[in-house]
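Engineer: Provide a 3D model corresponding to the input given below.
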Amino acid sequence: EKNSLNIPEKESLPFGLGSGSTTGNVVRGLTRLLTVDAERESQCEAAALFAGYVLGLPCYAFRPNALEASVLVAEQRDKLLSASGILRMLIWLMAPVAMESAMHTQLIMSDPREAAGFLERLEDYFQSEDLFWTDSIETRQDLLKWAYTEADLLLRQNKDAVTEISKRLTGGAATVGDCVSVVENW
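Structural biologist: Next up is the predicted model:
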């Protein structure tokens with residue numbers, strides 16, 4: 001047996017090598033980067049626009065993110081740095097996630113980490129403030145779950161309007177005014 005190889009057990013390899021987890025992460029990442037799906041993107045954008053508008057946020061971008069949301073809170077501290085303001089912002093951030101989760105098994109266009117990133121950015125920026133979600137990790141997790149559930153409920157209860165906004169966005173010629181007219185039944 002001059003050529004015998006001692007191959008280590010998969011469990012003993014560092015960084016999860018041999019388990020397929022690294023390959024799975026790479027494939028999921030590439031899928032998110034390389035997938036172009038105008039309909040799915042429009043669904044996520046419609047969800048964000050609808051949620052932001054009906055929640056009375058001063059900005060209802062098509063694709064909300066943690067940075068944009070935290071800057072908005074910092075700029076409008078008197079209106080948004082409250083429990084009500086933070087909860088509305090979290091629902092807005094979770095709306096695309098709730099929409100995509102309801103329609104597809106894998107998230108490609110939305111990212112649930114944006115809401116957690118938003119809270120982290122606020123914690124960094126408002127270090128001297130007493131922020132209501134910072135008392136425990138469980139409070140933060142419950143808050144994120146609550147925001148997702150509320151976003152999902154909001155979108156399900158208004159499915160027809162969100163679907164119509166999505167159709168208009170998929171067509172490519174819709175303006176924000178066209179989308180708001182759906183919400184307002186104009």
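
Engineer: which residues of the protein fall in helices?
Structural biologist: 21-34, 38-54, 66-75, 77-80, 83-103, 113-125, 137-157, 159-171, 176-184 (DSSP state H).

Engineer: Counting by contacts, list what the second one packs against.
Structural biologist: Read that as helix 38-54. Applying 3 or more Cβ pairs under 8 Å, 6 or more residues apart in numbering; DSSP states H and E, we find helix 38-54 packed against helix 83-103, helix 137-157, helix 159-171, helix 176-184. Just so you know, the C-beta spots here come from the backbone N, C-alpha and C atoms, and that holds for glycine as well.

Engineer: CA atoms only for the last one, dumped as PDB, please.
Structural biologist: Once non-C-alpha atoms are left out, helix 176-184 reads as follows in PDB (Å, rounded to 0.1, in the frame of the first residue of the first chain):
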ATOM      1  CA  VAL A 176     -44.900  57.900  -8.600                       C
ATOM      2  CA  GLY A 177     -48.100  59.900  -9.200                       C
ATOM      3  CA  ASP A 178     -49.500  57.000 -11.200                       C
ATOM      4  CA  CYS A 179     -48.800  54.600  -8.300                       C
ATOM      5  CA  VAL A 180     -50.300  57.000  -5.700                       C
ATOM      6  CA  SER A 181     -53.400  57.300  -7.800                       C
ATOM      7  CA  VAL A 182     -54.000  53.600  -7.300                       C
ATOM      8  CA  VAL A 183     -53.700  53.900  -3.500                       C
ATOM      9  CA  GLU A 184     -56.000  57.000  -3.500                       C
END
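
Engineer: can you list the residues that contact it?
Structural biologist: Contact with helix 176-184 is made by 46, 49-50, 53-54, 161, 164-165, 168-169, 186, as judged by Cβ atoms under 8 Å, 6 or more residues apart in numbering.

Engineer: Likewise for the third one?
Structural biologist: Residues outside helix 159-171 that contact it (Cβ under 8 Å, 6+ apart) are 38-39, 42-43, 45-47, 49-50, 62, 99, 155, 174, 178-179, 182-183.

Engineer: Now which of those residues would you call buried?
Structural biologist: 42-43, 45-47, 49-50, 62, 99, 155, 174, 179, 182-183 (16 or more other Cβ atoms under 10 Å).
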